[in-house]
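Visitor: Predicted coordinates and the sequence they were generated for:
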Amino acid sequence: MEFISRKPCKNRKITVVKILLTSLEVISLILAFIMQYLSKKKMGVMRYLVFKNRVYKETFLSNYWMNLYIVCFIIGIAICTIFFIYMSKVKKNNKLKLILIYVIIINVVAIYFITKIDSIKLLAYPYFLISIFVVSIIEFIRLIYYIRQKDL
Amino acid sequence: MNNIKRIIMTLSMILISLAFITGCSSKTKPEEAKKESNEIKTLSTKELQEKISDSDWVIVDARSNDAFNGWKLDGAKSGGHIKGATDFSANWIKLDKRDKDKELKEVMNTKGITKEKNIVLYDVNEKDANEVANYFKKNGIDKLYTYNLKEDSKDELKLESYENYQLLVPPSWIEDVISDKKPENFKGGSYKIFEVSWGDEAKDYKKGHIKGAVHINTDEVEEGPIWNRLSDDKLEKFALNNGIDIDTIVILYGEDPMGSFRLAAILKYMGVKDVRVLNGGFGAWRNSGYAIETKENSKTEITSFGATVPVNKDYIVDMPKAKEILSDKEKSKLVDIRTLDEHIGKIPGYPDITAKGRPSGAVWGHAGSDSQHLEEFRNIDNTMRNSSEILSMWKLEGITPDQRLSFFCGTGWRAAEVQIYAETMGIKNSSIYDGGWYEWSSYPENPVKTGK
C-alpha cells in the first residue's frame, strides 16, 4: 500500500492567502479599468468621476499627500535597490533579485503615474492610484515574506 | 381507387384547415377596421359644435401630435386642433413599447376618456379616428363618435395652434427640407442638421442618423464642475467649429430628445434666429420610415458668428437673476423641474450632487420619474404633451403663464426642454436658470428648503 503524503495544512493556508492577495491586485486593477471605460460610455459616470476627483483633490489627492506618496515610493525604491546590491555581493539568489526588480519597477511606475498622468484626462485616476497602492503594498508583503522564508 | 380517395380527402382536410385558420386570424384588415368603425356614428359639424362645451362629451384629436400643435399635415390647408379638444394620436397605438397598453390606459384616464363620457374622435385622413375608436372599443368604451375635419368646417370650429408650434418640427418637415421642397414655415437658406447626444463615441449617431446630420457632443457646450453652459467666447468658438451663425437654420434631434433641447436653448441664448427641434426625437423619424444613413458627416467650420454672444442674454440666467426672481413672490416664479423626491429633499437626484432640497421659495413644476426622464411633459411617443394639461398641472402649483417663469433642474437639461415647450405654447416671459440646484446648493449661504 502506497503512502500518500498530504500537503501540510499550513502550506494550504499560505496558498489561499497568496491567491487572495493576487485576486485583490487583479480586482483593483480591473475596477479601475471598468470605471475608466464607463466614463466614456455613461454621462452619469463621467460626471460622478469629475465630482469625485474634485472632492479627492481636497483630500487624499491634494498636493501635500501626492508629494508624500512620491517620497514613500522613493524610499521603497531606495530600500529595494540597497537590498539588491547587498544580495548581489553577499548571497546569490536570482529569484529574490527578480522580485526586487519587479517591486522597483512598480514603484517607478507609481511615481510616473503620480507626476505625469493628468487626472482631468484620466477620469478614473483615483481608482488607478488606489490599485497601484494595493499592488505595491501586496508586493512588499510578498517580498518580506519571501525574505523571512528563506532566512536571508 | 381507394388511394385516390384518400389523397382527395387529405387535400380537402388541409384546405379546410387553412381556410379555418385564415378565417380565425385576429389581425383586422384596414377594410374590416373601417367596417367595425362604420358602426360608429359620424357627427355633422353642427352636432359637434353643440357638444364642444358639454362636459359629458370629450372631443379627441386622433391625428399626430404635430398636426395637433399646428402643422398643416395630410394635405390640410390649415393646422391646429379644435378648441377644447384633447389629443390621443393613432401613432401611440402603433408604438412598439413595453407596457404600452398600461400606459395608454392611464393616459385615457388622465384625459377623461372614460366609458361614462361620449367620445368624439376626429381626423383629416378618415383613418386615424377609426383606429383610435377601435382601440377605445377594445378598452370598454362604447359611446364613440367620429368626425372628419374638412377644410370648409375649420373656420366654424375655430381651430387653434400653439403660438410657436414651428419650434417643434415633424419628421415630414425635415424630409421636405432635405429634399429641397420648401415646406411650411421654411424660408429657405442655409440649414444644418445635428444629432445631439453626450459623448464623442456617438453611439446613437453611428447606428444611423438623418441624412446629412452631424454629431454634436453636449460636452462641447457645457463643462464641469457644475455643468453650466460654456463661457460666451467658448460658445462662439463652438458655433464656428460647427458652421453655425445667427442666420443658420439649425435642426436638432436625438435618440433622447433632451440633449437636443439643451443645445436648442443654448443656441437661442447665443442668438441663432431659427432653431428647430424634432418633435418626438429620432424615434419619430424612424417610425415615419424616412431614410437613415450611417455615413459619418464632418463638421464644416466658418469664421464669423455674425453677432456678439449672447444676443438673448435673458434666455438663460444665472444665480443673481434667480435670486431676483425668488424675491419677486407675486409676479415671478422659480420653477423646479425635478422629481417630487428631489424637490422635497428626499434624494439629491444625481450621483454627483450630494445636497438635497430646493432653493427656498422655488415652486414644483413637475418632471418625470428621475433625472433623465420627463414623462409629465411628454406623450408616450416623446412628443410634447398638450399645453392645456401642462398649464393645468402648473395651475395646481400656483404657476401661471402670465408670470415671469424661470425653470431650473440639476444641471439644465430638463429645464431646457420645458423652456422650449413653454415657448412653443406662447409663454412670453420665461427663462432657464442654468446653474440649477447644483450651483445653488454649492453655496452654503443660499437659503434651502426641504419637505412639501
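Guide: Noted; the coordinates are in hand.

Visitor: Please enumerate the helices of chain A.
Guide: Listed in chain order, the helices of chain A (DSSP state H) span A:9-41, A:43-56, A:63-89, A:94-116, A:125-149.

Visitor: closest to chain B out of these?
Guide: Closest to chain B of these is helix A:43-56 (Cβ to the nearest Cβ; 3.5 Å). The C-beta positions use only the backbone N, C-alpha and C, and glycine is treated the same way.

Visitor: so does that closest one get close to chain B?
Guide: Yes - on the criterion Cβ under 8 Å from any Cβ of the partner chain, helix A:43-56 is in touch with chain B at A:43-48, A:50-52, A:54.

Visitor: Turn these into JSON lines, columns for neighbour count and pLDDT.
Guide: Listed next are the residues of helix A:43-56 next to chain B as JSON lines, based on neighbours: other Cβ atoms under 10 Å in any protein chain shown; pLDDT from 0 to 100:
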{"residue": "A:43", "neighbour count": "17", "pLDDT": "94"}
{"residue": "A:44", "neighbour count": "15", "pLDDT": "93"}
{"residue": "A:45", "neighbour count": "20", "pLDDT": "94"}
{"residue": "A:46", "neighbour count": "19", "pLDDT": "94"}
{"residue": "A:47", "neighbour count": "24", "pLDDT": "94"}
{"residue": "A:48", "neighbour count": "19", "pLDDT": "94"}
{"residue": "A:50", "neighbour count": "18", "pLDDT": "92"}
{"residue": "A:51", "neighbour count": "20", "pLDDT": "92"}
{"residue": "A:52", "neighbour count": "19", "pLDDT": "92"}
{"residue": "A:54", "neighbour count": "14", "pLDDT": "90"}
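
Visitor: any low-confidence regions in chain A?
Guide: Along chain A, the model assigns pLDDT under 70 to residues A:1-8, A:91, A:151-152.

Visitor: which residue is nearest the centroid of it?
Guide: residue A:135 (1.7 Å; Cα atoms, centre = their mean).

Visitor: excluding its backbone neighbours, what's nearest that residue?
Guide: Among residues not flanking residue A:135 along the chain, residue A:25 sits closest, at 5.0 Å (Cβ to Cβ, 6 or more residues apart in numbering or on different chains).

Visitor: can you tell me which residues contact the one you found?
Guide: Residues counted as contacts of residue A:25 (Cβ atoms under 8 Å, 6 or more residues apart in numbering or on different chains) are A:131, A:134-135, A:138.

Visitor: quick one: the residue nearest to residue B:374 when sequence neighbours are not counted from residue B:377, how far?
Guide: Nearest-residue entry for residue B:374: residue B:368, 4.4 Å, with adjacent residues in sequence omitted and distances by Cβ to Cβ, 6+ apart. Per Cβ to Cβ, to the nearest Å, residue B:368 is found 8 Å from residue B:377.

Visitor: from what I can see the residue nearest to the centre of chain A touches residue A:106, true?
Guide: Yes - Residue A:135 is in contact with residue A:106 according to Cβ atoms under 8 Å; the separation is 6.0 Å.

Visitor: So what does residue B:412 look like in phi/psi?
Guide: Torsion angles at residue B:412 (phi, psi; degrees, to the nearest 10) stand at phi 100, psi -10.

Visitor: looking at it, it is touching residue B:218, isn't it?
Guide: No - taking Cβ under 8 Å as the definition, residue B:412 is not a contact partner of residue B:218, at 10.3 Å.

Visitor: Tell me the residues that contact both of those two, please.
Guide: In contact with both residue B:412 and residue B:218: residue B:262, using Cβ under 8 Å, 6+ apart.

Visitor: and these two? which has more neighbours close in?
Guide: Using other Cβ atoms under 10 Å in any protein chain shown as the criterion, residue B:412 and residue B:218 rank with residue B:412 on top: 29 against 20.

Visitor: can you tell me how far that one sits from chain A?
Guide: As judged by Cβ to the nearest Cβ, to the nearest Å, residue B:412 and chain A stand 13 Å apart.

Visitor: can you give me the helices in the stretch 51-200 of chain B?
Guide: With helices called from DSSP state H, counting those that start in this stretch, the stretch 51-200 of chain B shows them at B:65-69, B:90-93, B:100-110, B:128-138, B:154-157, B:171-178.

Visitor: For stretch A:112-120, buried residues please.
Guide: Along stretch A:112-120, these residues count as buried under the neighbour rule (16 or more other Cβ atoms under 10 Å in any protein chain shown): A:113-114, A:119.

Visitor: what does that stretch rub up against?
Guide: Contacts of stretch A:112-120 (Cβ under 8 Å, 6+ apart): A:53, A:57, A:61, A:66, A:69-70, A:73, A:125-126, A:128-129, A:132.
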